[in-house]
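Chemist: Mind looking at a prediction? Sequence and model below.
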Amino acid sequence: MDSKVSNGASPQDERTTSLLVFAFLQSCPHSRCHQELEVLGHELPVRVAHDDELQTDGNWCSHFREGAAETDSETQEEVVRDIARQLAQIGDRMECSIRPGLVAGLAVHFRNRSLSEEDRRRCLAAALEQLMQLYPADVDREKTLLLLTMLVAKKVADHSPALLQDVFHTTVTFINQNLLAYVRNLVQNEMD
């Protein structure tokens, strides 16, 4: 997939969202796509420096460099990982709301190579719209949508591990197009 940011997100936003989704998937208990996650972790544009290495547990082994920008980046990265872990714990309790038929249907759409990225994003959006109807109107809609988006990605990847990369990229694009301001605020609030 082309790594250019074409959804209005800055490269930093793209890295943050990629890290959030990746760390969420890593933090989910009962995941069946560990090998695929490891491969994906090596391909992510999360860090641009060449002296950082992704360890098998998904954590970055950084060779410390001087400067406030690197320290801020490392702090933000850890905040994003903490948020992902917290969301994965909440998502574990919500997982039962996602019907196997919905997951299987999305897997079929993701396997269909004639569908564009935009078509896949629309299929994901339609599935999420169905799921959002199951939750009361007084819940935090953006947080619920973010959780369900990442949880559906996890469920589809568990159903068909070979689809992890496609599902991951569609999920990151969906979040950047629909929930970017929420993710920015979530990270910023945790850093303050």
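Modeler: Thanks, I have the structure now.
Chemist: Show me the contact partners of stretch 31-44.
Modeler: 18-19, 22, 25-26, 54, 56, 58, 154, 157-158, 161-162, 164-165, 168 (Cβ atoms under 8 Å, 6 or more residues apart in numbering). In short, each C-beta sits where N, CA and C put it, glycine included.
Chemist: meant to ask about stretch 168-180
Modeler: 1, 5, 7-9, 13-14, 17-18, 20-22, 25, 40, 110, 117, 120-121, 124-125, 142, 145-146, 149-150, 152-153, 157, 183.
Chemist: ok, back up a step: now for the contacts of stretch 31-44: which two are most distant?
Modeler: Farthest pair in the contacts of stretch 31-44 (Cβ to Cβ) is Leu19 and Ala162. Separation: 22.7 Å.
Chemist: can you tell me the average pLDDT over stretch 77-95?
Modeler: Across stretch 77-95, pLDDT averages out at 93.
Chemist: how far out from the middle of the chain is that stretch?
Modeler: Here stretch 77-95 is found 10 Å from its chain centre; the criterion is Cα atoms, centre = their mean, to the nearest Å.
Chemist: buried residues in the strand or helix carrying Gly105?
Modeler: In this structure, Gly105 sits in helix 100-111 according to DSSP states H and E. Judged by neighbour count using 16 or more other Cβ atoms under 10 Å, the buried positions of helix 100-111 are 102-103, 106-107, 109-110.
Chemist: OK, contacts around the nearest residue to Ser160 once chain neighbours are set aside?
Modeler: For Ser160, ignoring the flanking residues on the chain, the nearest one in space by Cβ to Cβ, 6 or more residues apart in numbering is Ala107 at 4.6 Å. Residues in contact with Ala107 (Cβ under 8 Å, 6+ apart) are 156, 159-160, 163.
Chemist: now do Gly101
Modeler: By Cβ under 8 Å, 6+ apart, Gly101 has no neighbours at all.
Chemist: For it, give its distance to Lys155.
Modeler: Distance, Gly101 to Lys155, by Cβ to Cβ, to the nearest Å: 11 Å.
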